[in-house]
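[1] Got a predicted model here, sequence first, then my questions.
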Amino acid sequence: MRTILTDDNNDIYLVGGNIAMAEDKPAVAQIVNNVLRTQRGELSYYTDRGIPYLETVLGDNPDVNLWASYMMSAIKGISYVNRIISFIPQVDYETNTLKFISRISTIYGDITINDNTI
């Protein structure tokens, strides 16, 4: 399987004059990252898809467990994912950030997703 690759700023870029592409395990990792960065209501034709960040972690009383359950549900909904091996949310109260690390079994082998941008 192939998908368009994005850089650290989530922008597409060129390699040798062509749009950068990812295949197999890197492609699944790219898809997982894209799915987890999509906010609920962001997709014009699928407003019920995405992570409800505002309702779970961007308010006065963040619910990290609820957020984690939405994240894991979104991962499980990706057809190339066999199962979630681990999903560990991490709250950094000093910087007021929410991070996670996840190990995922895919049809191409295991991948690790470490997102520090949430």
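    Received the coordinates, thanks.
[2] Around residue 66, count how many other residues there are.
    Other residues within reach of residue 66, judged by other CB atoms under 10 Å, total 13. Quick note: C-beta positions are derived from backbone N, CA and C, even for glycine.
[3] Where does pLDDT dip in the protein?
    116-118 (pLDDT under 70).
[4] ranges for the helices of it?
    24-37, 53-56, 64-76 (DSSP state H).
[5] all strands of the protein, in order?
    For the chain, applying DSSP state E gives strands covering 2-4, 14-15, 18-19, 21-23, 81-92, 97-106, 109-115.
[6] picking that back up, quick check: which of the helices of the chain is buried the most?
    Stretch with highest mean neighbour count among those: helix 24-37 (a mean of 18; mean count of other CB atoms under 10 Å).
[7] From the contact counts, what lies against it?
    strand 2-4, strand 21-23, helix 64-76, strand 97-106, strand 109-115 (3 or more CB pairs under 8 Å, 6 or more residues apart in numbering; DSSP states H and E).
[8] Show residues contacting stretch 30-46.
    The contact list for stretch 30-46 (CB atoms under 8 Å, 6 or more residues apart in numbering) reads 3-6, 10, 22, 47-55, 71, 74-75, 77-78, 80-81, 104, 111, 113, 115, 117-118.
[9] one more time with 10 Å
    When contacts are defined by CB atoms under 10 Å, 6 or more residues apart in numbering, stretch 30-46 is touched by residues 1-6, 10, 21-23, 47-56, 58, 70-71, 74-75, 77-81, 100, 102, 104, 106, 111, 113, 115, 117-118.
[10] What subset of those is buried?
    Taking 16 or more other CB atoms under 10 Å as the criterion, what is buried in the contacts of stretch 30-46 is 5-6, 22, 50-51, 53, 56, 70-71, 74-75, 80-81, 100, 102, 104, 106, 111, 113, 118.
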